[in-house]
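A.B. asks: Output the structure for:
(one chain, ligands or ions: 1)
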Amino acid sequence: MRLPIERNQECPFDPPAGLRGLPPMARLEMADGHLGWLATTMAAARTVLGDPRFSARQELKHTAMHVARPGGPARPAPPGFFAATDPPEHTRYRRLLTGQFTLRRMRLLEPRIEQIAADHLDAMAKAGPPVDLVTAYALPIPSLVICELLGVPYADHDFFQDRSAALVAPDGDGAQATADLTAYLGELVRRKRVEPGDDLISGLTGELTDEELTYVALILLVAGHETTANMLALGVFALLKEGLPFEEGPVEAAVEELLRWLSILHQGAPSRAALEDVEVAGELVRKGETVALSLPVINRDGAVFEDPDVLRLDRADARRHLAFGHGVHQCLGQQLARNELRIGYRALFERFPGLRLAVPAAEVPLKHDASVYGVRCLPVTWPTID
Ligand code: HEM
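C.D. replies: Residues are numbered from 1 along each chain as shown. You can find the predicted model right below:
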């Protein structure tokens, strides 16, 4: 089987029909012809992500994505690109980074996120409806939050936002945007060494080289921008299409349920390569084989969630989802992402309680073939007084 990617047109939030009813570990043909596996249950996924006999090194893994990046395994990650490393190398970076993602820093960022959201809502109100929520709100918020985290000076915000938006644009030149951002971040790291501030890069200059810090900064941008932006926009689309008011129930539970139900990482990610033969859910995964995960199916596991296909904003145990992964690589920015989503959804629906789609739901273009699922644009409108 190749990985089916088209989600249901009727309910574009459900997993592709071809992924239903598979065994916990199904054989999967990767983009380069490698015969690997697809984990489809919570139990199998936890085993793979929690077992040190599975590696996150990108040069060992085969990609399940047939559309975006065919070909064999990638080159080894550059120094500092720690998401694609294994312990003990990974442990060193992860400890240093965890020391920077402190409760204090997350608290300090909250009023900044609120301000960024409010500024963009002001601009939307001023422009008047209809507005594309992706460009007006969902993309700029995480980009500017990462500026705050890394200490990107205000004067560079426009450049940073423009380049990070180009990084995720479906028809944009992603390679050029990556090169521009890597060059910019390298320069920023050199500046922080001379003039440190109260930011994450400055906090790590004593521990890491310029090259490592550049790739640490890049990975935070790559991991934190597109994911959060797509969750914001797709989450709003889901709420508007399903006719569910966001205020119903505790906001924290609603965010967890949206993360579970939408499962935006949908192209067989995360994935791991077996370093030796390992048995998972009764199947023998041979050394060298890649196991991809299907988060959309895993997060609808009926053995874990009651009525898994129903979006229930007050679901008490939604937090058991694997949208942020599991094990040593579990999302480093999950607290920040949760804060951005909570503040982002709430501020939007408070400001525009009458928010609705400006086009029929069936006309909203979806990113079936992208590595992070979402909407390409989301035209929204709201009642105005005059
Ligand atoms: C790792 C999801 C937001 C930084 C991960 C992983 C997942 C994930 C599934 C695990 C990957 C693996 O096991 O191979 C998400 C989702 C987000 C989000 C759904 C938004 C809704 C963020 C944000 C940041 C961030 C805002 C930081 C600014 C990272 C980093 C890793 C990671 C650095 C790698 C951790 C490691 O390898 O130790 N994320 N993420 N993420 N995420 Fe997130």
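
A.B. asks: so does the helix or strand where residue 232 lies get close to the ligand?
C.D. replies: Under DSSP states H and E, the secondary-structure element containing residue 232 is helix 210-242. Yes: for helix 210-242, a contact with the ligand is found by Cβ under 6 Å from any ligand atom, at 219-220, 223-224, 227-228, 231. (C-beta placed from N, C-alpha, C; glycine too.)

A.B. asks: Including pLDDT and neighbour count, could these go into TSV?
C.D. replies: Formatted as TSV, the entries for the residues of helix 210-242 next to the ligand read as follows, by pLDDT from 0 to 100; neighbours: other Cβ atoms under 10 Å:
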residue	pLDDT	neighbour count
219	91	20
220	93	23
223	90	16
224	91	22
227	94	22
228	97	26
231	98	27
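
A.B. asks: Which residues are in contact with the residue in the stretch 51-200 of the chain that the ligand sits nearest to?
C.D. replies: Distances from the stretch 51-200 of the chain to the ligand, computed as Cβ to the nearest ligand atom, single out residue 83 as the nearest residue at 3.5 Å. Residue 83 makes contacts with 56, 77, 219, 223, 329, as judged by Cβ atoms under 8 Å, 6 or more residues apart in numbering.

A.B. asks: Repeat that for residue 321.
C.D. replies: By Cβ under 8 Å, 6+ apart, the contact set of residue 321 is 256, 259-260, 263, 299.

A.B. asks: How about residue 75?
C.D. replies: Applying Cβ under 8 Å, 6+ apart, one finds that residue 75 lies in contact with 58-59.

A.B. asks: So it: helix, strand or coil?
C.D. replies: What DSSP: H, G, I helix; E, B strand; the rest coil gives for residue 75 is coil.

A.B. asks: Taking the stretch 201-350 of the chain, what residue is nearest to the ligand?
C.D. replies: For the stretch 201-350 of the chain and the ligand, the shortest gap (Cβ to the nearest ligand atom) falls at residue 333, measuring 2.1 Å.

A.B. asks: Up against the ligand, what does the stretch 1-150 of the chain have?
C.D. replies: Contact residues, the stretch 1-150 of the chain versus the ligand (Cβ under 6 Å from any ligand atom): 49, 56, 82-83, 94, 146.

A.B. asks: change it to 8 Å
C.D. replies: With Cβ under 8 Å from any ligand atom as the criterion, the stretch 1-150 of the chain meets the ligand at residues 49, 56, 82-85, 90, 93-94, 97, 101, 142, 145-146, 149.

A.B. asks: ok, and the most crowded of those residues?
C.D. replies: Each of those was scored by neighbours using other Cβ atoms under 10 Å; the highest score is residue 142's, at 28 neighbours.

A.B. asks: nearest to residue 370, of the contacts of residue 321?
C.D. replies: For the contacts of residue 321, the minimum distance to residue 370 (Cβ to Cβ) is 13.7 Å, reached by residue 263.

A.B. asks: Tell me how many other residues crowd the closest one.
C.D. replies: Using other Cβ under 10 Å, residue 263 is surrounded by 21 other residues.

A.B. asks: I figured it was touching residue 295, is that so?
C.D. replies: Yes: the pair residue 263 / residue 295 is scored as a contact, 4.3 Å apart, by Cβ atoms under 8 Å.

A.B. asks: show me where the stretch 251-386 of the chain has helices.
C.D. replies: Under the criterion DSSP state H, counting those that start in this stretch, the stretch 251-386 of the chain contains helices at 251-262, 295-298, 334-351.

A.B. asks: Residues contacting the second one, please?
C.D. replies: Looking back up the chat, that one is helix 295-298. So helix 295-298 is in contact with 7, 14-16, 19-20, 22, 39-42, 45, 263, 265-266, 269, 322-323, going by Cβ under 8 Å, 6+ apart.

A.B. asks: close to the ligand, is stretch 261-271?
C.D. replies: Yes: applying Cβ under 8 Å from any ligand atom, one finds that stretch 261-271 is in contact with the ligand at 264-265, 269-271.

A.B. asks: Pull out the buried residues from the helix holding residue 232.
C.D. replies: By neighbour count on 16 or more other Cβ atoms under 10 Å, the buried set for helix 210-242 is 212-241.

A.B. asks: do stretch 25-45 as well
C.D. replies: By neighbour count with 16+ other Cβ under 10 Å, stretch 25-45 contains the buried residues 25-26, 28-31, 34, 36-42, 44-45.

A.B. asks: and these, which of them are in strands?
C.D. replies: If you go by DSSP state E, the buried residues of stretch 25-45 have 25-26, 28-29, 36-39 in strands.

A.B. asks: Kindly indicate which of these lies nearest the ligand.
C.D. replies: Lowest distance from the ligand to these (Cβ to the nearest ligand atom) belongs to residue 39, with 12.2 Å.
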